[in-house]
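A.B. asks: Need coordinates for the following:
(one chain, ligands or ions: 1)
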Amino acid sequence: MDRSLALDLARVTEAAALACGRWVGRGDKISADDAATTAMRQTLSTLQIDGTVVIGEGEMDEAPMLFIGEKVGSEGYRKVDIAVDPLEGTILCSKGGPGAIATIAIAPEGGFLHAPDMYMDKIIVGPAGHGCINIDDAPSVNLKRIAQAKNCKLEDLTVVLLDRPRHDDAVADIRQCGARIKLISDGDVAPAVATGILDSGIDMVLGMGGAPEGVLAAAAVKCFGGDMQGRLVFMTDEERQRAPKMGITDFNKIYTAEEMAQGDVFFAATGVTSGDLLRGVRYFSGGAETHTIVMRSKSRTIRFLDTLHYFDHKPTYE
Ligand code: VTB
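C.D. replies: Numbering: from 1, shown residues only. Just a heads-up that it's a prediction; the model follows:
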């Protein structure tokens with residue numbers, strides 16, 4: 001794939017973040033998501049790719065744009081799979097809470113797991129923890145292996161989990177072993193990416209979150225050489241009936257990052273509100289500043305972009 005696609009993807013997530021950045025704290029998650037999705041789609045349509053959205057805003061009949069199956073770009077270019085979450089953490093954005101991001105990932109056609117909108121159990125670590133995780137082991141057992149690999153104490157490790165009752169047992173086990181915990185209200189993609197950044201202070205992401213978010217995290221994990229295991233969690237008969245149509249036959253399969261995001265993968269995210277990974281959009285008179293991460297699995301390059309946008313000279317995405 002053309003490596004300059006990386007910068008194009010940064011433009012896409014910057015546009016989405018600039019658009020929904022106007023909705024931070026305004027208590028309207030629907031408008032925030034609409035603004036991000038519209039801007040993301042506009043910028044995506046200018047890219048030199050022949051893309052199909054495989055992780056998107058929803059099914060064709062429930063999402064007006066960036067729906068699963070939607071074609072993006074133009075014929076004649078490289079055929080790619082697109083995974084998007086124009087606003088990951090809509091509630092975070094609407095409340096002005098930490099860690100909302102605009103994010104996208106691209107893989108060669110057929111590269112992404114077509115995960116339905118359901119839950120996934122996840123365990124995610126950065127490169128130092130590669131080979132140290134097993135989703136079926138207790139969190140403390142995984143953490144002990146990671147502490148050994150990182151040559152640090154258990155007390156030095158920080159685990160991020162969504163703050164949900166379903167994680168009570170995991171939280172108790174982690175607390176008992178002495179590791180630190182960060183409970184978040186929403187948005188498990190940004191901390192997953194943060195495990196790959198040396199000074200982020202996040203060592204592991206654990207627990208049950210969205211499966212589409214799991215595929216986006218897998219793309220990022222692959223780019224920085226971390227490790228991830230994910231297992232789909234079937235809650236309803238409808239989910240069990242739909243999965244085979246999306247190519248999922250083994251309901252107990254443990255997916256690695258490589259299996260969820262195959263081939264030469266690109267990942268980009270721009271901060272909407274500030275978090276452990278990225279600073280949020282900051283407006284000033286006549287413009288705004290954005291903070292973006294862009295990565296590519298083939299080269300393992302991780303770029304952080306600080307970008308100044310002057311609205312007199314380009315669309316404002318409002
Ligand atoms: C998860 C998580 C997302 O929503 O999907 C969560 O992966 C929903 O979980 O990052 P619950 O059903 O337990 O609320 C996010 O936090 C935001 O989309």
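
A.B. asks: okay, the helix or strand hosting residue 309 in CSV with CA atoms only?
C.D. replies: Assigned by DSSP states H and E, residue 309 falls within strand 301-310. Output in CSV follows, covering the C-alpha atoms of strand 301-310 (Å, rounded to 0.1, in the frame of the first residue of the first chain):
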residue,chain,number,x,y,z
THR,A,301,6.5,4.0,12.3
ILE,A,302,4.5,5.9,15.0
ARG,A,303,4.0,9.6,14.2
PHE,A,304,2.5,12.2,16.5
LEU,A,305,1.2,15.2,14.6
ASP,A,306,0.5,18.6,16.1
THR,A,307,-1.4,20.4,13.5
LEU,A,308,-2.6,24.0,13.3
HIS,A,309,-5.7,24.6,11.3
TYR,A,310,-6.5,28.1,10.0
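
A.B. asks: quick one: contacts of it?
C.D. replies: With contacts defined as Cβ atoms under 8 Å, 6 or more residues apart in numbering, strand 301-310 is touched by 6, 10, 14, 18, 196-197, 223-224, 286-295. (Glycine included, C-beta is placed from N, CA and C.)

A.B. asks: Do a quick rundown of the strands in the stretch 1-150 of the chain.
C.D. replies: Using DSSP state E, counting those that start in this stretch, the strands found in the stretch 1-150 of the chain span residues 50-55, 71-73, 79-88, 101-108, 119-125.

A.B. asks: Serialize these to TSV and add fields for mean neighbour count.
C.D. replies: Output for the strands of the stretch 1-150 of the chain, formatted as TSV (neighbours: other Cβ atoms under 10 Å):
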stretch	mean neighbour count
strand 50-55	22
strand 71-73	17
strand 79-88	27
strand 101-108	29
strand 119-125	25
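
A.B. asks: what residues are up against the spatially most central residue of the chain?
C.D. replies: Geometric centre of the chain, nearest residue: residue 189, 3.6 Å, by Cα atoms, centre = their mean. Neighbouring residues of residue 189 by Cβ under 8 Å, 6+ apart: 85, 88, 101, 103, 213, 216-217, 220, 269.

A.B. asks: Tell me the spacing between residue 157 and residue 135.
C.D. replies: Applying Cβ to Cβ, to the nearest Å, the value for residue 157 to residue 135 is 17 Å.

A.B. asks: Which of those two has more residues huddled nearby?
C.D. replies: When residue 157 and residue 135 are compared for neighbours, residue 157 comes out ahead with 25 against 15, by other Cβ atoms under 10 Å.

A.B. asks: wait, isn't that one in contact with residue 182?
C.D. replies: No: if you go by Cβ atoms under 8 Å, residue 157 and residue 182 don't touch, sitting 11.0 Å apart.

A.B. asks: and the closest residue to residue 187 other than its chain neighbours, what pLDDT?
C.D. replies: Counting by Cβ to Cβ, 6 or more residues apart in numbering, residue 187 lies nearest to residue 89, which is 3.4 Å off, once chain neighbours are set aside. The model reports residue 89 with a pLDDT of 98.

A.B. asks: Check whether residue 89 really touches residue 274, as I assumed.
C.D. replies: No: between residue 89 and residue 274 there is no contact under Cβ under 8 Å: 11.9 Å.

A.B. asks: And the two? Which one has more around it.
C.D. replies: With neighbours defined as other Cβ under 10 Å, residue 89 and residue 274 compare such that residue 89 has more, 29 against 15.

A.B. asks: mind listing what the more buried one touches?
C.D. replies: Residue 89 makes contacts with 97, 99-101, 186-187, 190, 272-273, as judged by Cβ under 8 Å, 6+ apart.

A.B. asks: near the ligand, which residues of the stretch 151-300 of the chain show up?
C.D. replies: For the stretch 151-300 of the chain, the residues in contact with the ligand (Cβ under 6 Å from any ligand atom) are 164, 186-189, 209-210, 213.

A.B. asks: run the last query once more with 5 Å
C.D. replies: 164, 186-188, 209-210, 213 (Cβ under 5 Å from any ligand atom).

A.B. asks: the domain parsing of the chain - what is it?
C.D. replies: As given by automatic domain parsing, the domain ranges for the chain are 5-111+265-317, 119-260.

A.B. asks: who touches the residue nearest to residue 126 when sequence neighbours are not counted in this structure?
C.D. replies: On the basis of Cβ to Cβ, 6+ apart, the spatially nearest residue to residue 126 that is not a chain neighbour turns out to be residue 195, at 4.2 Å. The neighbours of residue 195, taking Cβ under 8 Å, 6+ apart as the test, are 124-126, 129, 202-205, 221, 226.

A.B. asks: Thanks a lot, see you next time.
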